[in-house]
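*Asks:* With the sequence up front, the predicted model follows.
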Amino acid sequence: MGVKITVRLFAGLRERAGADRVELDLPDDARAADVLAAMGLQPGQCIVALDREYAAPDAPVRVEQEVALIPPVSGGASAVRLIEVSDQPLDLGRCAFEVRDPRAGAVVCFEGVTREVDALDYEAYAEMARAKLRAIGEEEAVRHRLCAVALVHRTGRVPRSEPSVIVAASAPHRGEAFAGARALIDRVKAEAPIWKVELSADGERRVEGVLPAWPT
């Protein structure tokens, strides 16, 4: 079985194919990464757009969607591949996959996990946090010459030994990747509007960053 997907092409991709559209034979459960693979491309070289929105590599591709391949724009493709603030469990493998890049010889991932206490509760100003994570990723990618960056943070209840934050960085060499990952997590902890509450076995709560009571 399988499906035929029409893909719009632009700029250098259009010139290489000699047409502004190509038809690809893909599996029934095709993902955006399958579109790249069928074109002989790897994540990072181009981005798949579905219905005029950038798509993650694991996004499902349906026949009725408008599918396009977006090559790097004149200013260069963004190094930030994944930004997420979510109440769902975090996936280290996904973060590592997102920062794979043909230019990279090193990938460094860091997980911050709950320890000692039974659980941590995280609260975030999610919209601002996502924007801040993206800005941090863009700035540190330039500073440390990173190929790609992923930053994800969990909200809600995070049990002991589960990750609350993951940063991933790829670079041509391990020194840049290690330094970049360290800078990313240090800035996320210091600058992102995300707060935690420690929960002990007896129900005691210790809130991070508690302010004095409002004056009356």
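*Replies:* Great, that's in hand. Numbering: from 1, shown residues only.
*Asks:* got the phi/psi numbers for Ile5?
*Replies:* phi -120, psi 130 (degrees, to the nearest 10).
*Asks:* ugh, typo on my part, it should be Val113
*Replies:* Dihedral pair for Val113: phi -120, psi 150, per degrees, to the nearest 10.
*Asks:* you'd agree it is up against Arg154?
*Replies:* No - counting by CB atoms under 8 Å, Val113 stays clear of Arg154, with 10.5 Å between them. Where you see a C-beta, it was placed from the backbone N, CA and C, and this is true even at glycine.
*Asks:* higher neighbour count, those two?
*Replies:* Arg154 (24 against 15; other CB atoms under 10 Å).
*Asks:* Now for the more buried one: which residues touch it?
*Replies:* Ser86, Asp87, Gln88, Pro89, Leu90, Tyr122, Pro163, Ser164, Val165 (CB atoms under 8 Å, 6 or more residues apart in numbering).
*Asks:* List the residues that contact Ala169.
*Replies:* So Ala169 contacts 99, 107-108, 140-141, 144, 146, 148-150, 177, 180-181, 184 (CB under 8 Å, 6+ apart).
*Asks:* can we see that at 6 Å?
*Replies:* Ala169 is in contact with Val108, Leu146, Val149, Ala177, Gly180, Ala181, counting by CB atoms under 6 Å, 6 or more residues apart in numbering.
*Asks:* Looking at these, which one is closest to Arg81?
*Replies:* Val149 (6.6 Å; CB to CB).
*Asks:* Toward the C-terminus, what is the element adjacent to the helix or strand that contains that closest one?
*Replies:* Assessed by DSSP states H and E, Val149 sits inside strand 148-154. Downstream of strand 148-154, the first helix or strand assigned by DSSP H and E is strand 156-159.
*Asks:* Could you list the alpha-carbon positions for that next one in PDB?
*Replies:* Extracted C-alpha coordinates of strand 156-159, given in PDB (Å, rounded to 0.1, in the frame of the first residue of the first chain):
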ATOM      1  CA  GLY A 156       2.600  20.100  36.700                       C
ATOM      2  CA  ARG A 157       3.600  17.100  38.900                       C
ATOM      3  CA  VAL A 158       7.000  15.500  38.100                       C
ATOM      4  CA  PRO A 159       7.700  12.400  40.200                       C
END
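*Asks:* Residues contacting it, please?
*Replies:* Asp87, Thr114, Ala119, Leu120, Asp121, Ser164.
*Asks:* Would you show me how to pick out the buried ones of those residues in ChimeraX?
*Replies:* To isolate the buried members of the contacts of strand 156-159 in ChimeraX, using 16 or more other CB atoms under 10 Å:
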select :114,119,120,121,164
